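>>> Fold the stuff below for me.
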Amino acid sequence: MLNPQSLQFRQIQPSDNTTKLSLGKKEYQPLKSFLRNCALDFHQNHIASTYVLVDEVARVWGYITLMCSEVTLGSGYSFGECPRANEYKIFPAVKVARLAVDKRLQGQGYGRLMIDWCVSMVKNDIMPIIGCRFLTVDAKRVSVPFYEKMGFNMLETPANIISEHPVMFIDLYKVK
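Modelled structure (predicted):
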């Protein structure tokens, strides 16, 4: 039986057991495949950084992968506090490229924990150093309600609203 107090959240390591993550739904298989086949290589080669939720024997129970990105907001978003920014359409962002929690831990707050950590890390460690205002995700349609609860907004374009993987974002400047 898993002891939640034994879980640790840290960067992925070569010794991590990535083979036992069970997500429960067929549409989540690409998340499992990425963790097994790409996450460590991408992490070590600075393509995307993966952080894992592991137990005392380094079994992965969840993970989040982050990468640099951009978001195209168009004319529907206004920067009242910085009017000159309204002249641009594309803005810097950090992207939640992958997020997964083992089916045995889903609904227990671990996804929120990883998103909250990500928001805090980007606000406190990245935003003060470089221009990066947004956190984005290309959400699976079934995950949209989760991301809405986390504070993400749907990019309001006709194509995005009907997309299989709609872009969602948080304006980190407005997060307290």
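>>> C-terminal to the longest helix anywhere in the chain, what's the next element?
If you go by DSSP state H, the chain has its longest helix at helix 110-121. Later in the chain than helix 110-121, the nearest helix or strand by DSSP states H and E is strand 134-138.
>>> That next one pairs with which strands, and in what direction?
strand 90-101 (parallel), strand 167-171 (antiparallel) (DSSP bridges).
>>> Show me where this structure dips below the pLDDT cut-off.
1 (pLDDT under 70).
>>> what about the strands in it?
Secondary structure of the chain (DSSP state E): strands at 8-11, 49-54, 60-72, 90-101, 134-138, 153-154, 167-171.
>>> Need the CA coordinates for the first one. CSV is fine.
Backbone C-alpha positions of strand 8-11 (Å, rounded to 0.1, in the frame of the first residue of the first chain) are rendered in CSV as follows:
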residue,chain,number,x,y,z
GLN,A,8,8.8,13.1,-3.1
PHE,A,9,8.5,15.6,-5.9
ARG,A,10,11.7,16.2,-7.8
GLN,A,11,13.4,16.2,-11.2
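>>> Turn the strands of the chain into a markdown table, columns for distance to Q108.
Where C-beta positions appear, they are placed from N, C-alpha and C, glycine not excepted. Output for the strands of the chain, formatted as a markdown table (distance: least, Cβ to Cβ, whole Å):
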| stretch | distance to Q108 |
| --- | --- |
| strand 8-11 | 14 |
| strand 49-54 | 11 |
| strand 60-72 | 10 |
| strand 90-101 | 8 |
| strand 134-138 | 20 |
| strand 153-154 | 25 |
| strand 167-171 | 22 |
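>>> Now render these as TSV, adding distance to Y147 and mean neighbour count.
As requested, the strands of the chain are exported to TSV (distance: least, Cβ to Cβ, whole Å; neighbours: other Cβ atoms under 10 Å):
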stretch	distance to Y147	mean neighbour count
strand 8-11	20	12
strand 49-54	18	23
strand 60-72	13	20
strand 90-101	9	21
strand 134-138	6	22
strand 153-154	9	14
strand 167-171	5	22
